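**Q** kindly generate the corresponding structure for this input.
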Amino acid sequence: MGQITEQKCPNCGAAMRFDPASGFLVCDSCGTRVDVEAKTPSGTAPNQASTDDFDVAGLSMDQLIAQAADEGAQALPVYNCVSCGAEVIAPPEQVALTCPYCRNNIVLTDKISGKLRPDGVIPFRIRSEELPEAVNKFYSDKKLLPHGFFSHANMGQVTGVYVPFWVFSGHVSGTLLFDASKSRSYRNGSYQITETSYYLLTREAAMDFDGLPVDAGSKMSDRLMDSLEPFHTGEAKTFDMRYLAGFTADRFDQPQSDMAHRARTRMRHSAISATSAAATAGYSSSSPRSQRLQSDLEAKYFLFPVYMFDIEYGRKKYHFAVNGQTGKVVGDLPTSSTAKAWYFLRHGGIVSAVILAAFIITYMMGF
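**A** Presented below is the predicted three-dimensional model:
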């Protein structure tokens, strides 16, 4: 059997949840509030029924991931809810959930202890009740939405998920080479002369990076998670299981070594982009030739807050995500062909329409 930690009220025994608005654990039954950041002598909250940490001594991150994959391939681990005794089955990557029988909020301790314990967590700041307003603001200025979308779209069930991220910091440095040219024109008698000089530019670049997040789970779309940035890691808290109460949480299943390639690529692209403008200033044209860049990286393991839900319109579901820290909304929206045609005519298509009309008139008159 797997090991779990429950978040129960110390006064009435009901399930407690983390409240993004106050930053406290709250009991909806009796109103008890517990400060998550308050320290206790034992290092464990008085309302927290704890189990021993899972023994992962001597295992590397890659071995831990392989072990989790083996567990998932053989059989899903089974957990007993302490409150009602029901058996709860969870996917290998899930670390927090709500018991489907008694609605108690539990954390699967063996999946988030020892070397699997995150370095930090960004708690939810946006409440689920605020999401409809945030979504309305997101698509209120979208001109290509079908007529009636606002009145007929339905927002599905919202799931608050702590998504695993590797957060990279590091240094990129090296040499960039550019082909560049300068041109000047002048008259010599009846001739217009243009002279062009060509250059090979050598530039040294160095840039530091801090807090670059890379999605560490395979369940979420990288494109969707990248679109939710920025996450402000300066507001992160020391990891405490109580922040997970009332939410779903996933464990990383992508090794740091694999995700380092994505981080390194993003850092190098940023360094090249930032350097290019200054490196080629004063030249008529330029193009990158080659670069020799080195990077040193280190990473920490964080959980970031994300709301996931679908919006249904016209018998089709559109997937959305919301940054649970900033309220930023990303997602796909339907477009109306009529609205696109009208938008084209109003923005840049008017001239084409006039030309087309003139051509038709000319053709009909026989010219």
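**Q** model confidence over stretch 258-271, on average?
**A** For stretch 258-271, mean pLDDT is 90.
**Q** may I have it exported as CSV, CA atoms only?
**A** In CSV, the C-alpha atoms belonging to stretch 258-271 read as follows (Å, rounded to 0.1, in the frame of the first residue of the first chain):
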residue,chain,number,x,y,z
ASP,A,258,16.4,15.8,-20.9
MET,A,259,14.7,19.2,-20.1
ALA,A,260,18.1,20.9,-19.9
HIS,A,261,18.3,20.8,-23.7
ARG,A,262,15.1,22.9,-24.0
ALA,A,263,16.4,25.3,-21.4
ARG,A,264,19.8,25.6,-23.1
THR,A,265,18.2,26.2,-26.5
ARG,A,266,15.9,29.0,-25.1
MET,A,267,18.8,30.6,-23.4
ARG,A,268,21.0,30.6,-26.5
HIS,A,269,18.2,32.0,-28.7
SER,A,270,17.7,34.8,-26.2
ALA,A,271,21.4,35.6,-26.0
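**Q** how far away is residue 295 from residue 172?
**A** Noted for residue 295: a distance of 5 Å to residue 172, by CB to CB, to the nearest Å. All C-beta spots, glycine's among them, are computed from the backbone N, C-alpha and C.
**Q** joint contacts of the two?
**A** Counting by CB atoms under 8 Å, 6 or more residues apart in numbering, the contacts common to residue 295 and residue 172 are 267, 268.
**Q** may I ask which helix or strand encompasses residue 275?
**A** Per DSSP states H and E, residue 275 falls inside helix 256-279.
**Q** partners of the helix or strand that that helix is followed by in the sheet?
**A** Proceeding N to C from helix 256-279, the next assigned helix or strand is strand 285-313, under DSSP H and E. The strands that strand 285-313 pairs with in its sheet are strand 120-121 (parallel), strand 154-155 (antiparallel), strand 159-188 (antiparallel), strand 316-323 (antiparallel) (by DSSP bridges).
**Q** can you list those strands in CSV and add mean neighbour count and mean pLDDT?
**A** Below are the strands paired with strand 285-313 laid out as CSV (neighbours: other CB atoms under 10 Å; pLDDT from 0 to 100):
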stretch, mean neighbour count, mean pLDDT
strand 120-121, 19, 96
strand 154-155, 12, 82
strand 159-188, 17, 93
strand 316-323, 19, 89
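**Q** tabulate those (TSV), appending distance to residue 303.
**A** Listed next are the strands paired with strand 285-313 as TSV, based on distance: least, CB to CB, whole Å:
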stretch	distance to residue 303
strand 120-121	4
strand 154-155	25
strand 159-188	4
strand 316-323	13
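**Q** which of the ones you listed sits closest to residue 219?
**A** strand 159-188 (8.4 Å; CB to CB).
**Q** report the mean per-residue pLDDT for the following helix or strand past the closest one.
**A** Sequence-wise, the next helix or strand downstream of strand 159-188 (DSSP H and E) is strand 191-215. The average pLDDT within strand 191-215 is 92.
**Q** so where's this structure shaky on pLDDT?
**A** Counting by pLDDT under 70, the chain has low-confidence residues at 1-2, 39-77, 150, 336-367.
**Q** residue closest to the middle of it?
**A** Central residue of the chain (CA atoms, centre = their mean): residue 225, 2.7 Å from the mean position.
**Q** so it versus residue 215, what's the distance?
**A** Counting by CB to CB, the gap from residue 225 to residue 215 is 4 Å.
**Q** residue 292 contacts residue 202, correct?
**A** No - if you go by CB atoms under 8 Å, residue 292 and residue 202 don't touch, sitting 10.6 Å apart.
**Q** shared neighbours, those two?
**A** Taking CB under 8 Å, 6+ apart as the criterion, residue 292 and residue 202 both touch residue 175.
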